[in-house]
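Student: Here is my input; please provide its structure:
(chains A, B, C and D)
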There are 2 protein chains.
Amino acid sequence: MGKKVTLKHIAEALGVSTMTVSRALNNRSNVDGKTRERILRKAENMGYTPNRVAKSLVSSKTQTIGVVIPEITHAFFPEVVRGIEEITYQTDYQLILTNANEQFDREKHAIQTLRSQQVDGILISSSLTEKDYSFYESILETGTRLVFFDRCIHGLGASCVHVNDRESSEAITNHLIEEHGYQKIAHFCGPRHVTIGKERYLGYKRALENHGIVINEDWIIESGFKEEGGYNAMQKLLDLPVSARPEAVVCVNDPAAFGAMEAATELGLKIPEDLAITGFSDEIRAPLVSAPLTTVHQPAYEVGKRAAEKLLKIIENEGEPAEDIEIEATLKIRRSCGC
Amino acid sequence: MGKKVTLKHIAEALGVSTMTVSRALNNRSNVDGKTRERILRKAENMGYTPNRVAKSLVSSKTQTIGVVIPEITHAFFPEVVRGIEEITYQTDYQLILTNANEQFDREKHAIQTLRSQQVDGILISSSLTEKDYSFYESILETGTRLVFFDRCIHGLGASCVHVNDRESSEAITNHLIEEHGYQKIAHFCGPRHVTIGKERYLGYKRALENHGIVINEDWIIESGFKEEGGYNAMQKLLDLPVSARPEAVVCVNDPAAFGAMEAATELGLKIPEDLAITGFSDEIRAPLVSAPLTTVHQPAYEVGKRAAEKLLKIIENEGEPAEDIEIEATLKIRRSCGC
DNA sequence: ATAGTAAATGTTAACGATAACATTTTAGCG
DNA sequence: CGCTAAAATGTTATCGTTAACATTTACTAT
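Tutor: Just a heads-up that it's a prediction; the model follows:
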């Protein structure tokens, strides 16, 4: 209730200057031991809380970083956030979290707001699905410190942290071909211009090509990253006459795979007997679904940690170079592939 | 790269005063149409971004609210955050998220930092497990606007948003007694001094009492809110001789139930045949585990939304009274109870 | 003592934006 | 044309803190 206590109040109460109070509270040298004592005690019992806003204005440093994610309910992201938190907690940074809800407009708006809040840097997994990077180009030109994670935009000179999407996608596809002998393999892909969408598609493609399998365009369906999309994609796929159906589907991520499973099950298919399905993420539900999901384990926590570490380096060292950080993902074989 | 553009830069470039620029950019009246035009254009192409920090210092309003949660990986909380986001996005507030990791020390630290960041209000689900509320008492005395959600601390004059924990817990226990005829029912409870722990315990107790069942203290084990705790509690329970074991266990939340299930399964029990188990939350995994979990569905999104709405009201209306908002939870009967 | 130096404290200005008040310009009207 | 009211613009001070420089006080060594 009582107005906020400021340095000035303490100074007046003690008959010293605000500067002395400031120095005492910030543990600077050049303050007499006794004065410091008096000030600390007074501050304590007046309930002083430093005003970081004022401090930030002077130092143009807010000890704050912005995090923009596309979808907070996809379990991958909270885990990433935990990794980020791990680092920021130790280094006394605060996180401003924004959920772009898979909408690039919201993402843009979020970034503008974060900039105007003077965050020291931004971690972002982009919802951008177009090939038009001009927004990011202009943001980066202003000197905003940015690290992409997971859904990265390469080639803009910003650092990126992600798993080896292409190799992993290739590996899981190889598994279907080599271990199970499938030749007819579909792909539910993400938007064409999102890195992880593209990379995972390319991995899938390379696996087929390396085994001399011709790609069937009817089997490449854009599902996006959500369950609903996977569900719809599967319905579309199963519109095909039985003879034209694939034996397996490589999905761009776990939620899409769950959606796909649901649709397939509803239409009377058994997984993996009638149709094998794989995912990508290894989120919390993956081992639990009726046909435990064979997927790529993405170390989300690690991704968050590394991205935060990199961003802090960029913030704290002037000349820190951009870097592409690739984290090794691992195959997680369960039953949905037929194993 | 180029230093940040401020009002002053624009003003100088145009030979007007900063005040005029400020007025133009804030859509105030009393600015000539042509001047406004010139200013807007200039601001645009100089890449001006308002500095909210400076604005906040003047207005002592940051358009920012702090959120403190005990555990970001418990799926309930990201869902709550989504609900909060829903409201704050519409009203142009930003979220500063902190994960207290079930540690009250971190929670305290988080709140102090949020206060020094001058957040306009705080939403918190407390990790406090002691009966010592002095920290919150002193925080509230300073006039900090606070709304508790889920894990509330009542009686401090702060608003609370939560589900009807006691009734729901009673209802799910009643279900075990009335529908399944169990008489021997254990409870894995949360810490004694956490509201939801206490309330859910009391609901359990009341159900037994109302049915004239004597409570067996050996069957009340503190598991805490995490899987690990549920796992350990179940191990302890199953140390009892077979004849002294219960027929069912009411767990304080879903993660504890999952842990309990795991331990029971490892020890060769079948669920629900050998032992029925119920949870509380209805998180994303509940329907998926091998014995789909009978639980209480907590509308997390709704909780977040209501809490955020209340906090904004408190922020925006001077005399807004504290309120206890109870949201109806519903039984979600699945198979783990024996159904 | 007494300059000379280090330590302690104080003063002023600044960070960027805006509120409150002050001045100038413009427009309207008899 | 001159006067007034309204509109447009400018000035100053402020928010809370700190950097940079200025002053005072205390202490050392001769």
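Student: Show me the residue at the heart of chain A, geometrically.
Tutor: Residue closest to the mean C-alpha point of chain A, counted by CA atoms, centre = their mean, is A:Ser125 at 4.6 Å.
Student: what about it, distance to A:Ala13?
Tutor: In this view, A:Ser125 and A:Ala13 are 49 Å apart by CB to CB, to the nearest Å. Placement of C-beta: from N, CA and C, glycine included.
Student: can you check A:Tyr48 too?
Tutor: In terms of CB to CB, A:Tyr48 sits 10 Å off from A:Ala13.
Student: same thing with A:Glu85?
Tutor: 38 Å.
Student: What of A:Tyr204?
Tutor: A:Tyr204 is 70 Å from A:Ala13, where distance means CB to CB.
Student: of the two, who's got more company?
Tutor: Counting neighbours by other CB atoms under 10 Å in any protein chain shown for A:Tyr204 and for A:Ala13 shows that A:Tyr204 has the greater number, 27 against 15.
Student: what's near enough to touch the residue in the stretch 1-150 of chain A that chain B sits nearest to?
Tutor: With CB to the nearest CB, the shortest gap between the stretch 1-150 of chain A and chain B falls at A:Leu97, namely 4.3 Å. Neighbour list for A:Leu97: A:Val67, A:Ile69, A:Ile72, A:Val81, B:Val81, B:Leu95, B:Ile96, B:Leu97 [criterion: CB atoms under 8 Å, 6 or more residues apart in numbering or on different chains].
Student: Shouldn't it be within a strand?
Tutor: Yes: counting by DSSP: H, G, I helix; E, B strand; the rest coil, A:Leu97 is part of a strand.
Student: Which positions in chain A make contact with DNA strand C?
Tutor: A:15-20, A:23, A:29-33, A:35-36, A:54, A:57-58, A:60 (CB under 7 Å from any atom of the strand).
Student: among those, which are within reach of chain B?
Tutor: A:Ala54, A:Leu57, A:Ser60 (CB under 8 Å from any CB of the partner chain).
Student: restrict those residues to contacts with DNA strand D.
Tutor: A:Ala54, A:Leu57.
Student: I'd like the ones next to chain B among the residues of chain A next to DNA strand C written out as a markdown table, with pLDDT, secondary structure and distance to B:Lys184 added.
Tutor: Converted to a markdown table, those look like this (pLDDT from 0 to 100; DSSP: H, G, I helix; E, B strand; the rest coil; distance: CB to CB, whole Å):
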| residue | pLDDT | secondary structure | distance to B:Lys184 |
| --- | --- | --- | --- |
| A:Ala54 | 96 | helix | 62 |
| A:Leu57 | 96 | helix | 64 |
| A:Ser60 | 92 | coil | 65 |
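Student: how's chain A carved up into domains?
Tutor: Annotated domains of chain A cover A:7-50, A:60-163+A:300-329, A:165-298 [automatic domain parsing].
Student: so which of the ones next to chain B among the residues of chain A next to DNA strand C comes closest to DNA strand D?
Tutor: Checking these against DNA strand D by CB to the nearest atom of the strand gives A:Ala54 as the nearest, at 3.3 Å.
Student: pretty sure A:Ala186 belongs to a strand, no?
Tutor: Yes: counting by three-state DSSP, A:Ala186 is part of a strand.
Student: Setting the sequence-adjacent residues aside, check what's closest to it.
Tutor: A:Trp219 (3.6 Å; CB to CB, 6 or more residues apart in numbering or on different chains).
Student: thought the one you found was touching A:Leu237?
Tutor: Yes: counting by CB atoms under 8 Å, A:Leu237 is a contact partner of A:Trp219 at 7.1 Å.
Student: Among the two, which residue is more densely surrounded?
Tutor: When neighbours are counted by other CB under 10 Å, A:Trp219 and A:Leu237 differ, and A:Leu237 comes out ahead with 23 against 19.
Student: residues near A:Leu208, how many?
Tutor: As a burial measure, A:Leu208 scores 21 neighbours (other CB under 10 Å).
Student: try the one 5 residues further on
Tutor: When counting by other CB under 10 Å, one arrives at 16 neighbours for A:Ile213.
Student: That one and DNA strand C, how far apart?
Tutor: 59 Å (CB to the nearest atom of the strand, to the nearest Å).
Student: Just list the residues touching that residue, thanks.
Tutor: Listed by CB under 8 Å, 6+ apart, the contact set of A:Ile213 reads A:Ile177, A:Gln183, A:Ile185.
Student: show me the contacts for the nearest residue to the last one once chain neighbours are set aside.
Tutor: The shortest distance from A:Ile185 to any non-neighbouring residue, by CB to CB, 6+ apart, is to A:Ala248 (4.8 Å). The neighbourhood of A:Ala248, defined by CB under 8 Å, 6+ apart, consists of A:Leu176, A:His180, A:Tyr182, A:Lys184, A:Ile185, A:Ala186, A:Leu275, A:Ala276, A:Ile277, A:Thr278, A:Cys337, A:Gly338.
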